[in-house]
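K.L.:
Need a 3D model of the following:
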Amino acid sequence: MARLFGTDGVRGIANSELTCELAMQLGAAGAHVLTEEKSYRPTIMVGCDTRVSGGMLANALMSGICSVGANAVYVGVLPTPAIAYLTRKYKVDAGVVISASHNPVEFNGIKFFDGNGYKLSDELEDEIEKHIRNNNKDIPRPTGSRIGKLKFRQDAREEYINHSMKQIKTDLEGLKIVIDCAEGAAYYTSTETLKELGANVIAIHNNPDGTNINSNCGSTHMEELCARVVMEKADLGLAFDGDADRLLACDENGKIVNGDEIMAIVGNDMMEKGELALNTIVVTVMTNLGFLLMAKDKGIKVDQTKVGDRYVLEHMKEIGAVLGGEQSGHIIFLNENTTGDGLLSALHLLEVVKLSGKKLSELARVMEVLPQALINAPVPNHLKDRYTEYPEVVSAIEELEKKYAGEGRVLIRPSGTEPLVRVMIEGKDQKVIEEDAKRLADLIERTLI
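P.N.:
Next up is the predicted model:
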């Protein structure tokens with residue numbers, strides 16, 4: 001049986017794969033595992049993004065939490081990084097976010113944070129899953145006055161905004177910014193923060209109705225944002241995803257600036273200020289080769305991990321790094337928050353733009369983005385980790401690895417959150433690598449059905 005937890009919590013189609021029954025079980029098992037050693041009645045904070053299924057799953061989850069004697073505090077719609085920060089700020093015992101990040105509206109997910117605001121280890125997730133596989137039969141169920149209470153808190157988002165504003169050393173007056181909130185959790189916190197700091201903010205896709213989250217908008221669909229920046233003659237554009245833990249940007253010409261480029265810009269600025277601990281940035285194996293060449297030229301050390309911001313974070317904690325992230329826009333400023341934070345990423349990028357007086361297009365030239373093709377092969381979820389069991393797929397991968405040896409690379413990996421196998425090729429010719437990546441992705445899709 002496939003593991004319940006992926007690289008970013010439990011994900012699935014709401015009310016089909018991720019049911020209220022499963023949410024209630026996760027609430028009970030998660031509360032039990034994360035708080036069983038407490039000598040007092042523990043409290044767990046719960047928030048969600050703007051999906052229509054969020055309220056349904058939140059109520060089921062909180063019922064599970066209360067059923068094992070823990071209290072639940074519901075803070076409503078907030079970005080994932082806000083829950084991570086507020087879990088520590090309010091000194092609660094754990095936090096939970098109900099979100100499927102950049103996925104379409106029919107999906108949802110449940111992601112846990114421990115009392116310090118960190119995502120759970122594989123071992124803790126396995127312990128929660130073990131209880132669920134056993135239908136939570138070994139978890140005590142209190143009665144009477146020992147049942148947990150549900151509370152609501154309305155001021156949480158202002159706390160997160162105030163915290164975020166304090167992390168940069170300038171206002172943003174004079175900057176004209178278009179932001180795409182993905183009809184998601186950033187719709188209030190990001191717009192209000194940038195306005196409070198004095199920016200001229202043009203917000204698009206910031207009217208969530210529960211069904212339009214990530215629909216042709218946000219960090220996965222930036223065409224409208226890029227065009228709007230050019231039309232408005234804005235300084236730059238910012239794109240969040242549904243739960244606002246990632247950020248991509250576009251410059252004044254409408255050219256996309258990805259997570260690697262944002263880390264290069266901010267990382268070099270931090271190094272010049274003596275703020276880049278160990279002169280090290282932690283990235284994943286998906287990071288563009290151009291980033292590695294930039295770092296070598298600038299004297300920045302780069303440590304690489306497997307894909308997933310949780311693995312970037314684990315390595316950052318292990319070595320004492322303060323900056324790390326992914327090309328997709330998950331960027332972690334570990335001195336300020338314990339997970340990828342789209343708003344913090346935006347603020348630090350804007351700080352460099354404002355204080356340097358340079359256009360984003362000029363700042364982005366700190367690194368050359370080498371040609372890279374990424375093609376997704378849709379496959380059944382239970383088969384995505386088994387592509388190496390098919391000889392024709394293995395043979396095709398080996399042929400491509402020989403072809404690109406010494407002048408590029410081939411990386412194949414199953415998605416941790418979706419029923420996909422991702423095919424990434426880097427090389428000299430964009431057209432050639434796209435053709436090769438598509439052929440391999442098509443083969444994987446045909447073979448794994």
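K.L.:
Low-confidence regions, this structure specifically.
P.N.:
Applying pLDDT under 70 to the chain picks out residues 1-2.
K.L.:
one more time with 50
P.N.:
The chain contains no residues with pLDDT under 50.
K.L.:
in it, what residue sits furthest out from the centroid?
P.N.:
Distance from the centre of the chain peaks at Gly144, with 39.8 Å (Cα atoms, centre = their mean).
K.L.:
That one and Gly69, how far apart?
P.N.:
Taking Cβ to Cβ, to the nearest Å as the measure, Gly144 and Gly69 are separated by 11 Å. Where you see a C-beta, it was placed from the backbone N, CA and C, and this is true even at glycine.
K.L.:
picking that back up, gap between the residue farthest from the centre of the chain and Thr189?
P.N.:
In terms of Cβ to Cβ, Gly144 sits 39 Å off from Thr189.
K.L.:
where do the strands sit along the stretch 301-449 of the chain?
P.N.:
301-305, 323-325, 331-333, 372-378, 409-414, 420-426 (DSSP state E, counting those that start in this stretch).
K.L.:
Am I right that Leu225 sits in a helix?
P.N.:
Yes - the assignment for Leu225, made by DSSP: H, G, I helix; E, B strand; the rest coil, places it in a helix.
K.L.:
and it, how many neighbours?
P.N.:
26 (other Cβ atoms under 10 Å).
K.L.:
Kindly report the same for the one 3 residues further on.
P.N.:
Look at Arg228: counted by other Cβ under 10 Å, it has 18 neighbours.
K.L.:
which residue packs closest to it, ignoring adjacent ones?
P.N.:
Val178 (5.0 Å; Cβ to Cβ, 6 or more residues apart in numbering).
K.L.:
got a list of what Asn258 touches?
P.N.:
Leu248, Asn288, Gln327, Ser328, Gly329, Val369 (Cβ atoms under 8 Å, 6 or more residues apart in numbering).
K.L.:
brain fart, Asn200
P.N.:
Leu175, Lys176, Ile177.
K.L.:
Redo those residues as a markdown table? Include neighbour count.
P.N.:
Converted to a markdown table, the contacts of Asn200 look like this (neighbours: other Cβ atoms under 10 Å):
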| residue | neighbour count |
| --- | --- |
| Leu175 | 18 |
| Lys176 | 16 |
| Ile177 | 24 |
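K.L.:
need these in CSV with distance to Arg133, can you?
P.N.:
As requested, these are arranged in CSV below (distance: Cβ to Cβ, whole Å):
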residue, distance to Arg133
Leu175, 52
Lys176, 53
Ile177, 48
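K.L.:
which of the strands of the stretch 301-449 of the chain is buried the deepest?
P.N.:
strand 323-325 (a mean of 28; mean count of other Cβ atoms under 10 Å).
K.L.:
Could you measure from the residue nearest to Val96 when sequence neighbours are not counted over to Val369?
P.N.:
In this structure, Val96 finds its nearest non-sequential neighbour in Val46, 4.9 Å apart by Cβ to Cβ, 6+ apart. According to Cβ to Cβ, Val46 and Val369 sit 39 Å apart.
K.L.:
Repeat that for Asp269.
P.N.:
19 Å.
K.L.:
same thing with Ile177?
P.N.:
For Ile177, the distance to Val369 - Cβ to Cβ - is 22 Å.
K.L.:
Name the single longest helix found in the protein.
P.N.:
helix 430-447 (DSSP state H).
K.L.:
ok, and what's touching that helix?
P.N.:
Applying Cβ under 8 Å, 6+ apart, the set of residues contacting helix 430-447 is 371-379, 387, 390, 392-393, 396-397, 400, 403, 408, 412, 421, 423-427.
K.L.:
rerun that using 6 Å as the cut-off
P.N.:
371, 373, 375, 377-378, 387, 390, 393, 396, 400, 421, 423, 425, 427 (Cβ atoms under 6 Å, 6 or more residues apart in numbering).
K.L.:
Just flag the most distant two among those.
P.N.:
Across those, the longest distance by Cβ to Cβ is 27.7 Å; it joins Pro371 and Tyr390.
K.L.:
which of those two has more neighbours?
P.N.:
Set side by side, Pro371 and Tyr390 show more neighbours around Pro371, with 18 against 15, by other Cβ under 10 Å.
K.L.:
Is it correct that Asp171 is in contact with Gly198?
P.N.:
Yes - the criterion here is Cβ atoms under 6 Å, and Asp171 meets it with Gly198 at 4.5 Å.
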